[in-house]
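> Predicted structure and sequence below. I'll ask about it afterward.
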Amino acid sequence: MNFTNLAVATHLLIEAILIIRVLTRPHREPASRVAWIAVIASLPFLGMLIYLLFGETNIGRRRIERLKQVIREMPPVSDDNLSGESIAPANVPERYQHLFHTGRSINRYEVIGGNSARLMADSNASIDSMVEDIDAAIDHVHLLFYIWLPDNNGLKVVDALKRAAARGVTCRAMADDLGSRTMIHSQHWTDMQNAGVRTARALPIGNPILRLFKGRIDLRNHRKILVIDGKITYCGSQNCADPEFLVKAKYAPWVDAVMRFEGPMVRQNQHLFASDWMCYSDEEDSAIGELLRTPNEAPQSGFPAQVIGTGPTVRYSAMPDVFESLFHAARHELTISTPYYVPDESMQNSLCAAAWRGVKTTIIFPARNDSWIVGGASRSYYASLLEAGVEIYEFEGGLLHTKSLTLDGEVTLIGSANMDRRSFDLNYENNILFYDPEMTKQMRARQEQYLSNSHQVTLEMVENWSLAHRLCNNTLATLGPIL
């Protein structure tokens, strides 16, 4: 056998091994298997390299083992005997109880009553409120962001953490190593450490070349969590940055929604933060673990809520299951805002089914998306949604980055998760699901503000798109399973 024949035989053998891997890998949709086989078979060498780099949902064996160890050693957040608190009754109507059962299946966090919330007016108001609460902290501040920029708002938080550390408050600040790289590699990060702020980098990349062999670089910690004294937490779509978002300024302003929560549910966000912190910090595990054993104050009256934390090491299809459960539960009205929409077939069908059965179903996207690939893929789904009766709007006042869902004027889901495959399979996300007509009314009013700054997309408009336009969108959607 000459060298050429040997090379061809080796190539075919490796190709066959990868295709077998694609066919036998667990938790992969048929559409994803077909897409990857097409890439491997149609792009000699390059297709195999792309699969080796991006085909596996893997953060690295050591990280997975470390995370499993951390979870095993942490006290279960819902264990009443460990926390010493009296669990407030959830008082969830029977028609919505299954939604929180779905949430419990993900992190084992129970729906718990006695919570209150306030919807922040805008992005700057969110940061100002966070800074005010950090300045009032007396015991600890725990912060995690996917993107933390050294801009006006980002430095406000830096300064607040330094002030808190100077007066003896334990401050733990963590940021994603890729999304927050400009902050992490700036003097501000060092200054925080010198001031006594404990820092950690989530999913550190290290040597990019070596990282390719240890796990995917694009599996990121997309969470946005702030916990203060175990009594206050924030949840929403906003990164620690100005709405002008200078790294992608041409899409500005970035429009986000954030809620400030108080109540027993805060412990669940504390637990979620602690699980991340203990994976990537050198701090002794028991130090932060003790906070989860410290009794909370007696819960006050308030609404039932539940934290939902998802990611590539959490159970498969966790976030899609939450979304679909909400779609199926809708009886009158379902309103959604999301910047990125690349659903799997089941989710697309569930959303269409809501409209088909008479639910007033509305979804709001940004008119200009910072990812032309995701924007094009999203629009490929418009025709089917519109035919089912879903009302589609595109927001004109900047990049609508809010991830929100309101259900029948009573239930709200808010957080970091988008309705795309990256949030489903690759990113660590955090959301809060709650039942409260009053707070849902406020979130619904915010969604109405988005609608007032949007134009409606009709089926006639979509049908008039050019062949090239439709071909591009549908091609991008076909690649959705591997994006």
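Great, that's in hand.
> Give me the contacts around stretch 148-158.
123-124, 127-128, 130-131, 134, 143, 175, 179-180, 182-183, 186, 188, 191-192, 239-242, 244-247 (C-beta atoms under 8 Å, 6 or more residues apart in numbering). Backbone N, C-alpha and C define where each C-beta goes, glycine included.
> which other helices and strands contact the longest helix along the chain?
Identified as the longest helix of the chain according to DSSP state H is helix 3-24. If contacts are counted by 3 or more C-beta pairs under 8 Å, 6 or more residues apart in numbering; DSSP states H and E, helix 3-24 sits against helix 30-42, helix 46-54.
> comparing those, which gets the lowest mean pLDDT score?
Comparing mean pLDDT over the helices and strands packed on helix 3-24, the weakest stretch is helix 46-54, at a mean of 68.
> how about the CA coordinates for the host helix or strand of W277, as CSV?
Per DSSP states H and E, W277 falls inside helix 266-280. Once non-C-alpha atoms are left out, helix 266-280 reads as follows in CSV (Å, rounded to 0.1, in the frame of the first residue of the first chain):
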residue,chain,number,x,y,z
VAL,A,266,-32.3,33.8,48.2
ARG,A,267,-30.7,30.8,49.8
GLN,A,268,-31.2,28.9,46.5
ASN,A,269,-29.3,31.5,44.5
GLN,A,270,-26.6,31.4,47.3
HIS,A,271,-26.4,27.7,46.8
LEU,A,272,-26.0,28.1,43.0
PHE,A,273,-23.3,30.7,43.4
ALA,A,274,-21.5,28.5,46.0
SER,A,275,-21.4,25.5,43.7
ASP,A,276,-19.7,27.6,41.0
TRP,A,277,-17.4,29.4,43.5
MET,A,278,-16.2,26.1,45.1
CYS,A,279,-15.3,24.7,41.6
TYR,A,280,-13.0,27.5,40.6
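> So what does D420 look like in phi/psi?
The phi/psi pair for D420 (degrees, to the nearest 10) reads phi -140, psi 170.
> before we move on, what about the one 5 residues further on?
D425 has phi and psi values of phi -120, psi -30 when expressed as degrees, to the nearest 10.
> for V390, same thing?
Per degrees, to the nearest 10, the backbone of V390 is at phi -70, psi 130.
> Quick one: neighbours of it, just the number.
22 (other C-beta atoms under 10 Å).
> And L471, by the same measure?
12.
> Show the subsequent helix or strand relative to the lowest-mean-pLDDT helix or strand in the chain.
Lowest mean confidence among the helices and strands of the chain (mean pLDDT, DSSP states H and E): helix 80-83, at a mean of 40. Using DSSP H and E, the helix or strand that follows helix 80-83 in sequence is helix 94-107.
> Could you list the residues in contact with that next one?
90, 92, 109-111, 268, 271-272, 304, 306-310, 314-315, 318, 321-322, 325-326, 329, 410-411, 433, 435.
> hmm, back to that, quick check: ChimeraX command selecting the buried ones in the contacts of stretch 148-158.
ChimeraX command restricting the contacts of stretch 148-158 to the buried ones, with burial defined by 16 or more other C-beta atoms under 10 Å:
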select :123,127,130,131,134,143,175,179,180,182,183,186,188,192,239,240,241,242,244,245
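> Just to be sure, which of the contacts of stretch 148-158 are found in strands?
L143, A175 (DSSP state E).
> Break the chain into its domains for me.
3-54, 61-96+108-305, 318-482 (automatic domain parsing).
> Export those as CSV, with columns for distance to T102.
Output for the domains of the chain, formatted as CSV (distance: least, C-beta to C-beta, whole Å):
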stretch, distance to T102
domain 3-54, 17
domain 61-96+108-305, 11
domain 318-482, 5
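> Of those, which shows the lowest average pLDDT?
Across the domains of the chain, the lowest-scoring stretch is domain 3-54, with a mean of 71.
> just how off-centre is that domain within its chain?
Centroid separation for domain 3-54 versus its chain: 30 Å, with C-alpha atoms, centre = their mean, to the nearest Å.
> hang on, isn't R201 packed against S281?
No - if you go by C-beta atoms under 8 Å, R201 and S281 don't touch, sitting 9.2 Å apart.
> got any residues that touch both of the two?
M174.
> Which strand residues bridge the closest residue to I364 other than its chain neighbours?
Nearest non-adjacent residue to I364, counting by C-beta to C-beta, 6 or more residues apart in numbering: S337, 4.4 Å away. S337 has these beta-bridge partners by DSSP bridges: I364, S404.
> With I392 instead?
Under DSSP bridges, the beta-bridge partners of I392 are I363, V457.
> Would you check that it makes contact with Q456?
Yes - using C-beta under 8 Å, I392 is in contact with Q456, at 7.1 Å.
> neighbour count winner among these two?
Between I392 and Q456, counted using other C-beta under 10 Å, I392 has the larger neighbour count: 24 against 11.
> Tell me who's in contact with that one.
Here I392 is in contact with T362, I363, F365, Y382, L385, L386, Q456, V457 (criterion: C-beta under 8 Å, 6+ apart).
> List just the nearest of the residues you listed to V342.
Using C-beta to C-beta, F365 is the member of the contacts of I392 that sits closest to V342, with 11.6 Å.
> Which of the helices or strands spans the closest residue to that closest one other than its chain neighbours?
By the measure of C-beta to C-beta, 6+ apart, the closest residue to F365 outside its immediate chain neighbours is E394, 5.4 Å from it. Secondary structure assignment for E394, by DSSP H and E: strand 391-395.
> ditto for T406
With DSSP H and E as criterion, T406 is part of strand 404-407.
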